[in-house]
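Engineer: Model the following, please.
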Amino acid sequence: MGNCCAPSAGRGDGRGGAYVQMGNKASAQQQNTWSKTGIVGLRDQGIKELPAVLSEIADTVKVIDASNNRITALPAFLPTLANLQRLTLSGNLLTVLLPPGACAGLT
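Structural biologist: Okay, here's the model as predicted:
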C-alpha cells in the first residue's frame, strides 16, 4: 500500500518511511497529499479516531489504512466517503461498527 505523506517525513524510529506521528490532527501537507492521491496512511499513529478532516475531502478518499491504533468506533461521517474502496482497521480497539450496508462500496 502506498503512503500518504511526504517522503522526507520519516517515522522517527530510524527506519525511514513516510508515516509521521500526528495525534488526532493532520497537517495541511498531509491533507493536501491525501486529497491528491486518495490514499490516507494513518498506520501506527496511536490515534483514537479518524481525523474529521477526512469528511472535508470525502470525494477523493479511496483508501484508508488506520491499522494498529486505538480507534474504538467508526466516525459518523464514514458513509459520506463515497469513493472509499478499502478501509483497513486491523489492530484497533473497535467495539461499535456501522450497520450492514452503511459502506456498501468497500471491498
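Engineer: switch to C-alpha atoms for all contacts and neighbour counts from now on
Structural biologist: Will do.
Engineer: ok, how many other residues are close to residue 34?
Structural biologist: Using other Cα atoms under 10 Å, residue 34 has 24 neighbouring residues.
Engineer: That one contacts residue 40, doesn't it?
Structural biologist: Yes: at 5.4 Å, residue 34 counts as touching residue 40 under the criterion of Cα atoms under 8 Å.
Engineer: What ranges does the chain have for its strands?
Structural biologist: 39-41, 63-65, 86-88 (DSSP state E).
Engineer: Could you dump those into CSV with mean neighbour count and mean pLDDT added?
Structural biologist: Output for these, formatted as CSV (neighbours: other Cα atoms under 10 Å; pLDDT from 0 to 100):
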stretch, mean neighbour count, mean pLDDT
strand 39-41, 23, 97
strand 63-65, 22, 97
strand 86-88, 15, 96
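Engineer: Using TSV, lay out those together with distance to residue 56.
Structural biologist: Putting the strands of the chain into TSV (distance: least, Cα to Cα, whole Å) gives the following:
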stretch	distance to residue 56
strand 39-41	13
strand 63-65	15
strand 86-88	17
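Engineer: With respect to residue 49, which of these lies nearest?
Structural biologist: Ranking the strands of the chain by proximity to residue 49 (Cα to Cα) places strand 63-65 first, at 12.5 Å.
Engineer: Pairing partners for that closest one, with directions?
Structural biologist: The pairing partners recorded for strand 63-65 under DSSP bridges are strand 39-41 (parallel), strand 86-88 (parallel).
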